[in-house]
Every structure is written in structure tokens, then in C-alpha cells.
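Peer 1: got a structure for you, letters missing:
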């Protein structure tokens, strides 16, 4: 009885201490930046001192308390059950990280769904494109989730191949995280997508770390799972471009292939084979070559290694199973091409992204930019590009290379997995720094990516190298010299901070540089010490840095009810209910507000055109004078009236952004029925005012007499 009471008391004390410690670190972290005037009032409103504090101080201790009572062995045994329960809990509550709250800056109103963090304007392609397009599927064709959506662009749009929206098709087996939308309301479907991907990525990373990178070192694998799932590149690109799916399918496929050769059970082999088909198809259908191609080289290297290591185990039955897998995969991809080949042809012939090619080179100071990633969530800016483009994996490079050298010096052995990872990483470094000849780029398909996309893949490779190297050093019982390690840790930290600061010295304040040097010195030194002796400080320090680098990137919200009930959108609902086939434009407004109407089922011409409707624009540009402007993936500003003197009818604002001026005859040629606008058009006899609220009005274009 006394032991049980003592266990409960210890669990409570540890839980509360952990909650207070982490809450205190968050508070200090935010206070340092707040003192420099770097935070917006929006962030301060939802800062550590309110909801974040309560979240960390209440939810975290409860989770830790339950974990301590359960015991680590029981947690491991039932890890997939626990993950499933957490997932179901999140779906029921509608937990998601969408930044749809940014719409309130234009629409007005209060985002009452937000419980943690802030919505990020930089994530426009998530809350301004992907989420509204997904929302539109609930309205298109009476919610049948068609392959071709008529609401976005106000014309039939292939939404499976471009942006990968949920559709009712057997092909959704390759997009498992979108399946929730097919049978759940938007709030819960959004939670299914956001929470499911995060949980799956962490679990996949844990298993990959346990089975591939280490010899069942569970604590190190948990740390690896945190560093991957909470990495800045994952969090800043969370909902678009399929990076999470790539990482999940990458890691799961390697684990499944390894287990396929380890088991003699036909049933288990078939399950693994089915999983491999889903992983391969899912990876292909992310359809974002800029990340797919470089990551595929690392994937291919590990697959070849597994086949080589198991070549003596391969029999006729295995060959037949793999042949069946290849047939199913080819048939599936053939079906996708059959349905989407016209879309693929159109996209390939666009000015952007169809003709976007890159040669690499010109990058040097950015190689170790993971060091500065800890500041992005609170400063909302990066030393180069923007916080999304500058997001990396916290890899501790080049420490992995140093640890591997220590391992080789002790054992005199090379590790094949590490060699593949190192060679892949160094080739990509060469590409980023020096570039590659045109014929090599085309031969390897690397002309379809570019340096800002390859850099995060390098950092992911370097994280694999670090985890694998430190695990091997532990197994080989490598000894370290403490004085040399301290000196090397300080030296590495200073050099890395100096390199990252060279890119944009104006970005850094003195305290930021000092903080980075201290943080990096601590994690480097903790890593060296871990090689020789297990210590909790290694896990705590590196885990906290990894979490801080990505945790605040996205908000945490419960559903999207406050946006669904917004008065301005309710006004749109009334018109859509009366005339669901009508065509709309959101007049004179910039992206992302141009995409808000499709969340209510309004067929909107200037919602994001994920590929151009050339036939539509030809109606008002019959000679194709402006084709170079609108023949692209584009966000579109449409203004009513004539262009100002000296300006063109169509104007290219950015690679993915153009503006056009339309008069009443143009609107009629395009088949427009309604305009939503802030402007007063009551003076114009071409329009009837339908309704008005919150500064926005809906006008109906009068039909020709």
C-alpha cells in the first residue's frame, strides 16, 4: 500500500514539475523576444500568460501522470492503441492547426475557436487555398466529393491531381488522411487530416528510428520522432505540398520492406506488400517533384541496400508478390493518368510552374540555417526568404559526421546505411553550392527541384546521420575526451552561428546570437556526453530545442465554427441556397480573401486557379495578347472598370499572381452573375444590390434585355 501511495505521489510531483518547467521555459523564451518589441499584438493576446500557460500547466501534467502510472513497457506494448485513442479524441474535439483565423483580419469578428498560438498569414496556401478548396467539396454536386470540382475556378477543376483534395474514389487509399472528410463534418474532417498526419508521422518516425537507425533504442527513437514531427520545415509546410506524407511513406515503406524479408508468414508478407503499394502510390501522388525527387534518391538507396542484404532470402513467392504489387501500382497510376492526363498536359505547358526549371548552386551560408530556426515562430521572419522557405530539420550537422569518424576510428568499420545517407547528403550539398550541368540535371530529374527545397532534405539526411552515428557510438562504447568535447562544442557553435549570421546580419540582435551559441553548445556537449554515458540531460535539452523550433509555428484550434457562423458568410449562404449554379467574382480584393466564397459553395472565377482555364480567358482576350499573364497557377485580383491610364488590362504581379480589369461586357462574356465587393456599385445601372453586411455587399449583374 505504501509503495502504491509513493508511486502516485512521485507521479504527481514529476508531472507538476515538468509542467512548471516547460511553462517557465516558454515564458522566458517569449519574454526575451517580447522585450525586443518583435511580437505582434495578436501574439501577445494569445501568449504564454493566458491559454498557452493553462495548456502546458494542465494538459501536459495529466498526460505525464497517466504515462508514469502506465509504465514504459505497457505504453510501448499498446503504443498503437494509445495513438488511435488520442487520434479519435482529437477528431471528436475537432483539433486542428489551420490558420483560417487570418480571414478575420479582412472579414472582422473574433476567432473564438483558437486555443493556442496564432494564425499565420504566411501560411496562405493552407488557409487561403487548400482548406477553402477542401471545404468547397462539401457543396459541389451536393457533397458527392467529385473528381472534378465546379466551385473552385467556377469551372470543372481536377482536384485530385492538383492540390489532392478528398474525392469518392478507390484511389483515396493512397491519400488516407483525406478520407475523414468523406464521412465527417468539416471541423472533424479537418481534425482527421491535421491530427492524423501528425500522429502518423511521429509513430512512423519512432518505428523507423527503432528498427532502422538504432537497435531498438526506444528513447533515442522517441527523440528522433520529436525532431522530425516538430521540425520547422514540417510545421511551416504542414498542410500543403505533401512533405508529411512523403516522410511517412518513406519511413513506413523501409520498415515494411525490412519486415517483409524477416517474416516467413505468407499473411504477414501480403500485409507488408499491401502497405508497400499504398506507400509507393501515396508517395507518387504527393505530386510535388521539388521534394519528391531528392528524397526519392535517399529512399532508393535504402531500398537497394535492403534487397542486397536479403538477396539470399528472395524466392519465387517473393518475386511473384512483388510482381503483383507492381501491377496494382501501375494499374492505379494508369487510372490516375487516364482521368487526369488533360490536366497534366495543361499544367506542363503553363508559364508557372510548368516552365520552372532550376540548375542549383549559389547557396552556402544557408546550409546550417537550422540553428536560427528556433526564432521563427515568435519573430515570424527569417534571415533569408521567409519562415517557410527557410524552415529546416534540426539536424545538429555536422556533428553526425564527427560522431561517425569517432565510430570508425574505434572499430575500423564502415556502416552501409550511413554511407548511403552521407553520400546522398554530400551530393545534394554539391548541387546547392556549385550546381550541376544541364544534362545531369535532366538525366536525374533534379531540374524539377531547386535549392530551397533540397536544403531541408539535406538537413533531414543529416538528422538520420546524427541519430545513426550516435547510436553506433553507443553500441561500440566509444570513449570521449571531455576537455576536447567542450572545446569542440564551443567552437562548432560559434562557427555555425557565425555562418548563419553572415546571410543577414541585420536579422540578429546580440542576445539572439549569444542565445544560439549557448543553446548549440549545450546540445553538442550533451550529445558528446551521451556517447559514453546515458544521461537524461541529452534527451531533455535536445527534445526541448526540437519542440521549441516548431511548436509555435501553427495555432491549435477546436473546429472552425466561428468562421462557419460569420455574418458575412451567412449572407453568401442565402444567395447560394437560392441560386447554387451562379458564377461569382470577389471584386477588387487580394488573395487570400478571394478564396473565402468557395467555402460557402459560391462558384468563384477568381478563387485560386490551380491551373488556367484558357477557354474562359480567350472570351475576353481572343487574340491571346495576355496569355503569358494568365497561363499559370494564379491568385487573381479582378477589378470592375477600365484600367488606369497607362496600365494594361492584365497585369502580372508575381509568378503566381495577376490582376485584371473587367467591364460589364467582360463580366457577361464570362457568365458572371454576382459580385462580392467592398465598393459601392449602386451608381451603376448594370447591377442590383442584393444584400450588404460588415462592409461587404453582394451585387447581381443584370441580364441583357
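Peer 2: Yep, that arrived. Keep in mind the model is a prediction, meaning the values are calculated, not measured.
Peer 1: Tell me, please, the helix or strand in the chain that averages the lowest pLDDT.
Peer 2: helix 41-45 (a mean of 48; mean pLDDT, DSSP states H and E).
Peer 1: Provide a list of residues in contact with the nearest residue to residue 673 once chain neighbours are set aside.
Peer 2: With C-beta to C-beta, 6 or more residues apart in numbering as the criterion, residue 673 has its nearest non-adjacent residue at 3.9 Å, and that residue is residue 582. C-betas here are computed from N, CA, C, even on glycine. Applying C-beta atoms under 8 Å, 6 or more residues apart in numbering, we find residue 582 in contact with 575-576, 602-603, 673-674.
Peer 1: Next one: residue 582 from residue 671, what distance?
Peer 2: 9 Å (C-beta to C-beta, to the nearest Å).
Peer 1: do the same with residue 208
Peer 2: 51 Å.
Peer 1: So between these two, which is more surrounded?
Peer 2: With neighbours defined as other C-beta atoms under 10 Å, residue 208 and residue 671 compare such that residue 208 has more, 26 against 15.
Peer 1: List the residues that contact the more buried one.
Peer 2: The contact partners of residue 208, taken as C-beta under 8 Å, 6+ apart, are 221, 224, 251-252, 254-255.
Peer 1: Quick one: residues in contact with stretch 471-478.
Peer 2: With C-beta under 8 Å, 6+ apart, stretch 471-478 has contacts from 213-215, 217, 220, 403-404, 406-407, 410-411, 415, 418, 530-532.
Peer 1: Average pLDDT for that stretch, rounded please.
Peer 2: Taken as a whole, stretch 471-478 has a mean pLDDT of 93.
Peer 1: do stretch 183-191 as well
Peer 2: 96.
Peer 1: by contact count, what packs against the helix or strand hosting residue 527?
Peer 2: Using DSSP states H and E, residue 527 falls within helix 510-532. With contacts taken as 3 or more C-beta pairs under 8 Å, 6 or more residues apart in numbering; DSSP states H and E, helix 510-532 sits against helix 399-411, helix 451-475, helix 482-503, helix 536-550.
Peer 1: For residue 338, find the nearest of those.
Peer 2: helix 451-475 (29.2 Å; C-beta to C-beta).
Peer 1: Which residues does stretch 517-532 contact?
Peer 2: Here stretch 517-532 has contacts from 371, 374, 396, 399, 403, 406, 466, 470, 473-474, 477-480, 482, 485-486, 488-490, 492-494, 496-497, 535, 537-538, 541-542, 545, using C-beta under 8 Å, 6+ apart.
Peer 1: Going by neighbour count, which of the residues you listed are buried?
Peer 2: Burial by neighbour count, judged by 16 or more other C-beta atoms under 10 Å, picks out 371, 374, 396, 399, 403, 406, 466, 470, 473-474, 478, 480, 485, 488-490, 492-493, 496-497, 538, 541-542, 545 from the contacts of stretch 517-532.
Peer 1: Report pLDDT for the spatially most central residue of the chain.
Peer 2: The structure's the chain has its C-alpha centroid closest to residue 238; by C-alpha atoms, centre = their mean the separation is 2.1 Å. Listed pLDDT for residue 238 reads 92.
Peer 1: what's the answer for residue 66, then?
Peer 2: 64.
Peer 1: Then residue 556?
Peer 2: 85.
Peer 1: And it, how far from residue 596?
Peer 2: Residue 556 is 22 Å from residue 596, by C-beta to C-beta.
Peer 1: between those two, who's got more neighbours?
Peer 2: residue 596 (27 against 18).
Peer 1: out of the contacts of residue 582, which are inside helices?
Peer 2: Mapping the contacts of residue 582 onto helices (DSSP state H) picks out 575-576.
Peer 1: Who wins on neighbours among the contacts of residue 582?
Peer 2: residue 602 (29 neighbours).
Peer 1: what's the closest non-adjacent residue to that one?
Peer 2: residue 584 (4.7 Å).
Peer 1: host element of that neighbour?
Peer 2: strand 583-586.
Peer 1: What residues sit buried inside that strand?
Peer 2: For strand 583-586, by 16+ other C-beta under 10 Å, it's 583-586.
Peer 1: swap in stretch 371-388?
Peer 2: Buried residues in stretch 371-388 (16+ other C-beta under 10 Å): 371-380, 382-384, 387-388.
Peer 1: low-confidence ranges in the stretch 351-500 of the chain?
Peer 2: Counting by pLDDT under 70, the stretch 351-500 of the chain shows low-confidence ranges at 356-357, 359.
Peer 1: Next up, the contacts around the closest residue to residue 280 other than its chain neighbours.
Peer 2: Leaving aside its sequence neighbours, residue 280 sits nearest to residue 329 (C-beta to C-beta, 6+ apart; 5.5 Å). By C-beta under 8 Å, 6+ apart, residue 329 lies in contact with 277, 280-281.
Peer 1: Go through the residues you listed and name the one nearest residue 128.
Peer 2: residue 281 (28.4 Å).
Peer 1: which residues of the chain fall in strands?
Peer 2: With DSSP state E as the criterion, the chain has strands at 95-96, 114-116, 148-149, 157-158, 556-558, 583-586, 603-604, 635-640, 650-654, 657-662, 674-677, 687-693, 696-701.
Peer 1: Out of those strands, which gets nearest to residue 268?
Peer 2: With C-beta to C-beta as the yardstick, what comes closest out of the strands of the chain is strand 95-96 (33.5 Å).
Peer 1: Please look at the residue nearest to the centre of the chain and residue 125 and confirm they touch.
Peer 2: No. With contact defined as C-beta atoms under 8 Å, residue 238 does not reach residue 125; the gap is 10.7 Å.
Peer 1: For the stretch 1-150 of the chain, just list every one of the helices.
Peer 2: 2-34, 41-45, 53-54, 60-70, 72-77, 79-93, 104-107, 124, 131-136 (DSSP state H, counting those that start in this stretch).
Peer 1: Return the member of these having the minimum mean pLDDT.
Peer 2: helix 41-45 (a mean of 48).
Peer 1: out of everything not next to it in sequence, what's closest to residue 347?
Peer 2: According to C-beta to C-beta, 6+ apart, the nearest residue to residue 347 is residue 611 (5.1 Å).
Peer 1: need the contact list for residue 368.
Peer 2: 397, 496, 499-500.
Peer 1: Reformat these as CSV; add distance to residue 647.
Peer 2: Converted to CSV, the contacts of residue 368 look like this (distance: C-beta to C-beta, whole Å):
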residue, distance to residue 647
397, 49
496, 48
499, 44
500, 42
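Peer 1: Can you select the buried ones from these in ChimeraX?
Peer 2: Buried residues among those (16+ other C-beta under 10 Å), as a ChimeraX selection:
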select :397,496,499,500
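Peer 1: close enough to count as contact, residue 272 and residue 259?
Peer 2: Yes. With contacts counted by C-beta under 8 Å, residue 272 reaches residue 259, the gap being 5.7 Å.
Peer 1: Looking at these two, which one has more neighbours?
Peer 2: residue 272 (23 against 16).
Peer 1: I'd like the distance between that one and residue 230.
Peer 2: 29 Å.
Peer 1: try residue 599
Peer 2: Applying C-beta to C-beta to residue 599 and residue 230 gives a distance of 29 Å.
Peer 1: ok, the two, which is more surrounded?
Peer 2: Each of residue 599 and residue 230 has its neighbours counted (other C-beta under 10 Å); residue 599 has more, 27 against 23.
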